[in-house]
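*Asks:* One predicted model, sequence on top.
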Amino acid sequence: MYPTLLLLPLLFSTLVAAQSVSTIISTFASTAIPSEPLAPSGPYQTHSSYYGTTTISSPSAGGNATASSLTSSTSEALIGITGQASSSVSSSATGSATTSAARPSNTQACNGYVEFCNRSLGNITQVVAHNSPFAIAHNAASNQILPVLTQLADGIRGLQFETHLQNETTGPLSLCHTSCNLLNAGTLESYLKTVVTWLDANPYEVITIIMGNDDRVAPSTYIGPFTDSGMLPFVYTPSKATLTVDEWPTLAELILQNQRVIIMVDYLANQTEVPWLLDEFSYNWETPFSPVDPAFPCTAQRPPDQTDETSRNKMYMANHNLNVAIDIADISLLIPAYTLLDQVNADDGNASLGLMSTNCSATWGRPPNWLLVDYYNFGNFNGSVFQVAATANNVSYNRAACCGTAVNTGEARALYQGVVVQMLVGFLVAVSLWL
């Protein structure tokens, strides 16, 4: 008797999910990108309404502009990496003016380009894998299809994800999507150990890790995983609690000092207690969180009520991960717009990442520092998201460099369109059981 009773929630949720297949199919069928120019419309689900409110310390300064003012006055070592170069001003393809060095005489690349070695971190646009660890096959809560080592090899230089306590109040910090019952990608320590192997093998690369502190744990909770994984020797600690756009060091400086990992957390940072765990919103701001509007307005949402003047002096992230809202059995879900990924991650066209980068450049006078995307290997061609970053950086992108495995975007799209309903049914079962 009791095993049968235990199965009732599963049987009920499976029935609900099955009845919802037609709803899911009709939702995707009716979700399309208009051919006419898009304008922002409708309210966004704010981060506070999704995760709850919290108190954030007042932010200031950081940005995407010119070479860092922290450049060492004794530059022999820097020249060893970057070569002699004189400053020049050029207009980027996005229409924003960027100050960069003339092409250096060396051939050693920094983050894939010799042109980047003398540039400030604040003067480079990089692609961020949204929920980088969440590459779990046949799980609708995933946001990537390729694992972190492949992401880094393809050119991802920003790793973003949520952290949760394994059992909500206890256990190791784990990489879970909303709840560890829905998607659990393992411990933070294990993930960081994998990233450390890549850092050891790639000494001329600088990455940024942006974490969501979703269970609002004390900042000291992060010390153990970063220490035990071997990541701590690579971590950058700034000279002060906030940096303006021109105060970020150059990639060459970070590389020579072997401080090649910038760590940010969205809530409850305390840089007096943990100096290397940076308060994201003291250095960076973000466009609307979990967007459902394919117009992707380039407005500052997090932190809230920030002045335009402050925003212009800080780095910023363009959240370009389009979601579809589905309401089933009194459950409201936001899931990636799988069927639109090729256009959303394209380098040109309506709702594309390329168009958002261009619009952001026109609005703020410079491209975004971070382009956050789901399923980065999708697009109108392999590596289209990296083409957008290269255009913003005024450098050339090798389209043969991406992505990952032999599966091309067309095959991957067909695969995901074929299994997405199955994934969602399983996801809905897990949601109903979790609730």
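*Replies:* Arrived safely. Numbers count the residues shown, from 1 in each chain.

*Asks:* Chain neighbours aside, what residue packs nearest to Asn270?
*Replies:* Using C-beta to C-beta, 6 or more residues apart in numbering and skipping the chain neighbours, the partner closest in space to Asn270 is Pro219 (4.8 Å). Every residue, glycine included, has its C-beta placed from N, CA and C.

*Asks:* what does Gln126 give?
*Replies:* Of all residues beyond its chain neighbours, the one nearest Gln126 is Arg157 (4.3 Å), with distances taken as C-beta to C-beta, 6+ apart.

*Asks:* And the strands in the stretch 201-350 of the chain, which stretches?
*Replies:* Here the stretch 201-350 of the chain has its strands, by DSSP state E, counting those that start in this stretch, at 207-213, 261-265, 277-279, 284-286, 315-319, 323-328, 331-336.

*Asks:* Show the pLDDT at Leu175.
*Replies:* Model confidence at Leu175, given as pLDDT, is 95.

*Asks:* Quick check: phi and psi on it?
*Replies:* Backbone geometry at Leu175, expressed as degrees, to the nearest 10, gives phi -100, psi 90.

*Asks:* list the contacts for it?
*Replies:* With C-beta atoms under 8 Å, 6 or more residues apart in numbering as the criterion, the residues that contact Leu175 are 133-134, 161-164, 184-188, 191.

*Asks:* Among those, name the ones in strands.
*Replies:* In this view, those that belong to strands under DSSP state E are 161-164, 184-187.

*Asks:* Filter those down to the buried ones.
*Replies:* By neighbour count, with 16 or more other C-beta atoms under 10 Å, these hold 161-164, 184-185, 187 as buried.

*Asks:* Quick check: the farthest pair among those?
*Replies:* Maximum pairwise distance among these (C-beta to C-beta): 13.2 Å, between Glu162 and Thr187.

*Asks:* Sketch out the low-pLDDT regions of this structure for me.
*Replies:* Counting by pLDDT under 70, the ranges of the chain that qualify are 1-106, 328-332, 405-435.

*Asks:* how about the helices in it?
*Replies:* Using DSSP state H, the helices found in the chain span residues 2-30, 47-51, 76-82, 148-154, 188-201, 223-228, 251-256, 280-283, 308-312, 341-344, 353-364, 384-393, 409-434.

*Asks:* For stretch 381-394, list every residue counted as buried.
*Replies:* Of the residues in stretch 381-394, those buried (16+ other C-beta under 10 Å) are 381-394.

*Asks:* In CSV, list the C-alpha atoms belonging to that stretch.
*Replies:* In CSV, the C-alpha atoms belonging to stretch 381-394 read as follows (Å, rounded to 0.1, in the frame of the first residue of the first chain):
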residue,chain,number,x,y,z
PHE,A,381,26.9,30.3,-37.6
ASN,A,382,29.3,28.5,-35.2
GLY,A,383,30.8,31.1,-33.0
SER,A,384,28.5,34.0,-33.8
VAL,A,385,28.5,35.2,-30.2
PHE,A,386,32.3,35.5,-30.4
GLN,A,387,32.0,37.4,-33.7
VAL,A,388,29.8,40.0,-31.8
ALA,A,389,32.5,40.4,-29.2
ALA,A,390,35.2,40.7,-31.8
THR,A,391,33.3,43.4,-33.6
ALA,A,392,32.8,45.3,-30.3
ASN,A,393,36.6,44.9,-29.7
ASN,A,394,37.5,46.0,-33.2
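
*Asks:* quick revisit: doesn't Ala129 make contact with the residue nearest to Gln126?
*Replies:* No. Judged on C-beta atoms under 8 Å, Arg157 makes no contact with Ala129 at a distance of 9.4 Å.

*Asks:* Can you pick out the residue with more neighbours from the two?
*Replies:* Neighbours per residue (other C-beta atoms under 10 Å) separate Arg157 from Ala129, with Ala129 holding more: 28 against 20.

*Asks:* Please report how far the more buried one lies from Ser282.
*Replies:* 23 Å (C-beta to C-beta, to the nearest Å).

*Asks:* Also Ala362?
*Replies:* Plainly put, Ala362 is 26 Å away from Ser282 if you go by C-beta to C-beta.

*Asks:* Mind checking which of the two has more residues around it?
*Replies:* In this comparison of Ala362 against Ser282, neighbours counted by other C-beta under 10 Å, the higher total goes to Ser282 at 21 against 12.

*Asks:* Hmm, that one is touching Pro238, no?
*Replies:* No. Applying C-beta under 8 Å as the test, Ser282 and Pro238 come out as separate, 10.0 Å apart.

*Asks:* What about Ser132, how many residues nearby?
*Replies:* Burial of Ser132, expressed as a neighbour count using other C-beta under 10 Å, amounts to 26.

*Asks:* again with the one 3 residues further on
*Replies:* Ala135 is flanked by 19 other residues according to other C-beta under 10 Å.

*Asks:* next one: the one 3 residues further on
*Replies:* Burial measure for His138: 11 neighbouring residues, criterion other C-beta under 10 Å.

*Asks:* from what I can see Met231 touches Val195, true?
*Replies:* Yes. With contact defined as C-beta under 8 Å, Met231 and Val195 form a contacting pair (7.0 Å).

*Asks:* Which residue, neighbours along the chain excluded, lies closest to Asp279?
*Replies:* Distances taken as C-beta to C-beta, 6+ apart put Ala269 closest to Asp279, at 3.7 Å, once the chain neighbours are dropped.

*Asks:* same check, this time on Asn202
*Replies:* When the adjacent residues along the chain are set aside, Asn202 lies closest to Leu152, with 7.6 Å between them (C-beta to C-beta, 6+ apart).
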